[in-house]
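Visitor: here's my sequence, what's the structure:
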Amino acid sequence: MMRFATPVSRYMTCAVITAPDTTPLPEVHRLLGEHAISCVPILDAASRAVGVLSRTDLLRLGRFETKTNSRGMLLTLPDVPARDVLRPGIITVGRTTLVVQAASVLLKHRIHRVFVRDDDALTGVFSTKDLLLALVEAREATPIAELMSAPAYTIPLDAPLALAADRLTTAQVSGLVVVDPDGWPVGMFTQTEALLAHGVLSDSPVEDVMSPAMVCLDVR
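Guide: Below is the predicted model of the structure:
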């Protein structure tokens, strides 16, 4: 368990991508995709972090709207500045915070990442991905059956995109397992795919936008 008594600075990602509070939501969406991140701190005119915007927030704010010359509805994001819709406040830990303590913060707030501060400056990000690396290095032997969340939320292969996006929000999960008519898992529909479907017709099947990349593990 020594790895969990290590400071988060050992595992954190040092580059912190931020956005001014004047940034419009479509640009925040582009920024998340460009840097393959799920959340950005929002800075005011004095470069102080005043809140965050995540993929979850963008999906909550997105709307399916009818567009001219389309045969259905398209997922769109309102063209408003980040300051109008951000989640105020930002959850941080210090560089010397232990991995186990940071993990408790993630669990308590049901978030996927916590920002690392050094005095008033944000110097890193400690995410669930970094926590997994600590688990690997610790050679943790606990069976996944004792730690996993259940049930696994699923969506049929031919379900419309609008239904899948709504299920992500209502179930408060970051991903759905896509299943074929026999109930066999064939892919994933996550917040990433939902936002990449920005501009895709709402009645398009999940199959058109899902990711085929997935890993299945035996819990025994």
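Visitor: make sure S104 is indeed in a helix.
Guide: Yes: assessed by DSSP: H, G, I helix; E, B strand; the rest coil, S104 belongs to a helix.
Visitor: so what's the residue count around it?
Guide: S104: 12 surrounding residues under other C-beta atoms under 10 Å. All C-beta spots, glycine's among them, are computed from the backbone N, C-alpha and C.
Visitor: ok, now the one 3 residues further on?
Guide: Other residues lying near L107 total 9 when counted by other C-beta under 10 Å.
Visitor: assign a three-state SS to V93, would you?
Guide: Following three-state DSSP, we place V93 in the strand state.
Visitor: was I right about it contacting V116?
Guide: Yes: with contacts counted by C-beta atoms under 8 Å, V93 reaches V116, the gap being 6.0 Å.
Visitor: residues shared between the contacts of these two?
Guide: Residues touching both V93 and V116 (C-beta atoms under 8 Å, 6 or more residues apart in numbering): 8, 126.
Visitor: in contact with the closest residue to T190 other than its chain neighbours, which residues are there?
Guide: Nearest in space to T190, with sequence neighbours left out and distances taken as C-beta to C-beta, 6 or more residues apart in numbering, is G175 at 3.8 Å. With contacts defined as C-beta under 8 Å, 6+ apart, G175 is in contact with 168, 188-191.
Visitor: without its sequence neighbours, what residue ends up closest to I90?
Guide: I90's closest residue in space is A49 (C-beta to C-beta, 6+ apart), at 4.8 Å.
Visitor: ok, I37 next?
Guide: Among residues not flanking I37 along the chain, I17 sits closest, at 5.8 Å (C-beta to C-beta, 6+ apart).
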